[in-house]
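A.B. asks: Quick check, what structure comes out for this input:
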Amino acid sequence: MDATGHQPDIELIEDLPPEVEAGGKFVVRVRVSCAEGCDLQGGIVNAVTSGEVVLTSPLAPSDDRDPRATATLALQAPARVGEWVCEISFPEQDAARVVHQGCSLRASSTVVPHAASV
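C.D. replies: Numbers count the residues shown, from 1 in each chain. The predicted structure is shown next:
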């Protein structure tokens, strides 16, 4: 086993919407890969806001010919209007009998008030 572990990479499949309504729900998809080609499915990713894990999702295969793994995170915007930042992380974990170091990305969106009903 590699003493330092492998360094995976995490990326958004689609960007967060630039604006979300307060309390609104939306889906974020991420892809995690290992430069060494390790199979990371079965691992986990976390959504972290305000320093707290708000959601954990398992990694699943992208497709039959793609070694990268994906996760779908169903998130909910806070009720407070303003900038909202979410960190999506792949915590250090063992995959394919090798330690994979943690990695993360930060994504943000602007939380806006609900549109007024007419």
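A.B. asks: Which residues are in contact with Gly82?
C.D. replies: Gly82 sits next to 110-111 when contact means Cβ atoms under 8 Å, 6 or more residues apart in numbering. Quick note: C-beta positions are derived from backbone N, CA and C, even for glycine.
A.B. asks: sorry, that was for Thr110
C.D. replies: By Cβ under 8 Å, 6+ apart, the residues touching Thr110 are 18-20, 82-84.
A.B. asks: Which element, helix or strand, includes it?
C.D. replies: Taking DSSP states H and E as the criterion, Thr110 maps to strand 103-112.
A.B. asks: Thr70 too?
C.D. replies: Element membership for Thr70 (DSSP H and E) is strand 66-76.
A.B. asks: bridging residues for the residue nearest in space to the middle of the chain?
C.D. replies: Most central in the chain under Cα atoms, centre = their mean is Ile88, positioned 3.8 Å from the mean C-alpha point. Following DSSP bridges, Ile88 is listed with bridge partners Ala47, Leu105.
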